[in-house]
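Asks: Turn this into a structure:
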Amino acid sequence: MKTTTRTFYKSSLSALAILLMSSCSMLGGGSSLSNNPAVAAQQQQVEYLEQELKEAERYKEEAEQREKAAKDRLSAAKHELKALEAQAKARGN
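Replies: The predicted model follows:
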């Protein structure tokens, strides 16, 4: 039990340290580099592409939902067709 708790605390502490180091480097390093026009332009390009990616992912999710709805409607229509065929067959006999 102590080993599991110790491992948990070590991994949590490591994750926290990594998070703090990365956030500090983003806050401190980003502002000094943006004075360079080439870096600023590339930063804008990256931000634009990230937005474009988010939008494409949203469209993909919407398309998947529409596809699922269409499959559900098709399945229901096939089920209804089978029921009507069985009804027609029963009345014909």
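Asks: How much space separates residue 88 from residue 82?
Replies: The gap separating residue 88 from residue 82 is 11 Å, by CB to CB, to the nearest Å. All C-beta spots, glycine's among them, are computed from the backbone N, C-alpha and C.
Asks: Please identify the buried residues of stretch 72-83?
Replies: Taking 16 or more other CB atoms under 10 Å as the neighbour-count basis, stretch 72-83 is seen to contain no buried residue.
Asks: now it: mean pLDDT?
Replies: When the per-residue pLDDT values of stretch 72-83 are averaged, the result is 98.
Asks: Can you name every helix or strand that the helix or strand hosting residue 58 contacts?
Replies: Under DSSP states H and E, the secondary-structure element containing residue 58 is helix 37-92. Under the contact definition 3 or more CB pairs under 8 Å, 6 or more residues apart in numbering; DSSP states H and E, helix 37-92 sits against helix 2-33.
Asks: Flag the shaky bits of this protein, pLDDT-wise.
Replies: 1-33, 93 (pLDDT under 70).
Asks: show me what contacts residue 58?
Replies: Contacts of residue 58 were listed using CB atoms under 8 Å, 6 or more residues apart in numbering, and none were found.
Asks: State the distance from it to residue 65.
Replies: Distance of residue 58 to residue 65, computed by CB to CB: 11 Å.
Asks: Then residue 34?
Replies: In this view, residue 34 and residue 65 are 39 Å apart by CB to CB.
Asks: do residue 76 as well
Replies: From residue 76 over to residue 65 (counting by CB to CB), the distance is 17 Å.
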